[in-house]
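Student: for reference, the sequence and a predicted model appear below.
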Amino acid sequence: MIQLAVFASGAGSNARKIIEHFNTGASTLAQVSLVVCNKPGAGVLQVAADAGIPTLVIERERFLRGDGYVPELQAKGINFVVLAGFLWKVPTTLIDAYPRKIVNIHPALLPKWGGKGMYGAFVHQAVVAAAEKESGITIHYVDEHYDHGDTIFQASCPVDASDTPDSLAQKIHELEHEHYPRVIEQLLREQG
Ligand SMILES: Nc1nc2c(c(=O)[nH]1)N[C@@H](CN(C=O)c1ccc(C(=O)N[C@@H](CCC(=O)O)C(=O)O)cc1)CN2
Ligand SMILES: NCC(=O)N[C@@H]1O[C@H](COP(=O)([O-])[O-])[C@@H](O)[C@H]1O
């Protein structure tokens, strides 16, 4: 069975949906066996604890300029890494250890509204301020740059004149929860 590590920094609603998909019998292909977080006290740590999944809280210097915690991931038999609201740049040490095995979800239709500083509410604020007519999600491979890796999947939603960053965030979360677990499963099947 494929062992997934989910990396997250915040509330963990996507992590929860991914855990529900892979760890409650819906999938025999893979399981989430580790949740990695860079923010002590983040909600995703409670999501993991509630699901009985081990957690690893990482430190900035070692992650960004050290070994990227690759030894820990390998010791736990991790085969594939899923970023779900993780807010640090993944270093090349980790990318090189998991080629085409690290994916991310971005809450906009890349290549627009991506890059450094474009995360969480900042994305929705920019999209609404620009009076975009649509937004959506992008699931992509992770390379050494922010939001630059090959696109795997996109889904869109309308942005109405009445939308606020919060109402748009709600629409985006619904798209994420609907598609991310299924896209991961499909990708794992295709990779074989
Ligand atoms: N090597 C890569 N690492 C990461 C990617 C990626 O595509 N390649 N995606 C991000 C997720 N992300 C957008 O989807 C993203 C997250 C955070 C930032 C950002 O600007 N972060 C701040 C720090 C924020 C904090 O520490 O609280 C920064 O770098 O100054 C941009 C995009 C995950 N990693
Ligand atoms: N650029 C990265 C980024 O903004 N990621 C976004 O962080 C949120 C995490 O929510 P969650 O903690 O409830 O899953 C998600 O909307 C995800 O797309």
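Tutor: It's in. Everything numeric in this text was worked out from a predicted model, so none of it was measured. Ligands and ions are numbered 1, 2, ... in the order given.
Student: what are the buried residues along stretch 142-160?
Tutor: For stretch 142-160, the neighbour count (16 or more other C-beta atoms under 10 Å) marks V142, D143, Y146, D147, G149, I152, F153, Q154, A155, C157, V159 as buried. For every residue, glycine as well, the C-beta is placed using N, CA and C.
Student: so which strand or helix has the third one?
Tutor: Right, the one you point to is Y146. Assigned by DSSP states H and E, Y146 belongs to no helix or strand.
Student: who in this structure is up against ligand 2?
Tutor: Contact residues (C-beta under 6 Å from any ligand atom) of the chain with ligand 2: 8, 10-15, 84-85, 105-107, 118-120, 123, 172-173, 176.
Student: three-state assignment of whichever residue of the chain sits closest to ligand 2?
Tutor: At 2.6 Å from ligand 2, G85 is the closest residue in the chain, using C-beta to the nearest ligand atom. Recorded secondary structure, G85: coil (DSSP: H, G, I helix; E, B strand; the rest coil).
Student: tell me the pLDDT at it?
Tutor: You'll see G85 listed with a pLDDT of 98.
Student: you'd agree it is up against A11?
Tutor: Yes: using C-beta atoms under 8 Å, G85 makes contact with A11 at a distance of 7.5 Å.
Student: out of those two, which sits in the more crowded spot?
Tutor: Neighbours were counted for G85 and for A11 using other C-beta atoms under 10 Å; G85 has more, 24 against 16.
Student: how close does the more buried one sit to D67?
Tutor: 23 Å (C-beta to C-beta, to the nearest Å).
Student: overlap in contacts of G85 and A11?
Tutor: V44 (C-beta atoms under 8 Å, 6 or more residues apart in numbering).
Student: on that earlier part again, so what's the residue of the chain closest to ligand 2 up against?
Tutor: Contacts of G85 (C-beta under 8 Å, 6+ apart): A8, S9, G10, A11, G12, N14, A15, V44, I105, Y119, G120.
Student: phi, psi for T138 please.
Tutor: phi -130, psi 130 (degrees, to the nearest 10).
Student: contacting residues around it?
Tutor: I105, H106, A108, L109, L110, G114, D147, T151, F153, Q154.
Student: in strands, which of those fall?
Tutor: Mapping the contacts of T138 onto strands (DSSP state E) picks out I105, H106, T151, F153, Q154.
Student: just put the contacts of T138 in CSV and tack on pLDDT and distance to D166.
Tutor: Below are the contacts of T138 laid out as CSV (pLDDT from 0 to 100; distance: C-beta to C-beta, whole Å):
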residue, pLDDT, distance to D166
I105, 98, 19
H106, 98, 18
A108, 98, 16
L109, 98, 19
L110, 98, 22
G114, 98, 21
D147, 97, 22
T151, 98, 26
F153, 98, 25
Q154, 99, 22
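Student: and ligand 1, which of those residues contact it?
Tutor: Contacts with ligand 1 are made by H106, D147 out of the contacts of T138, judged by C-beta under 6 Å from any ligand atom.
Student: now for the contacts of T138, which pair is the farthest apart?
Tutor: Distance extremes for the contacts of T138: the farthest pair is G114 and F153 at 15.1 Å, using C-beta to C-beta.
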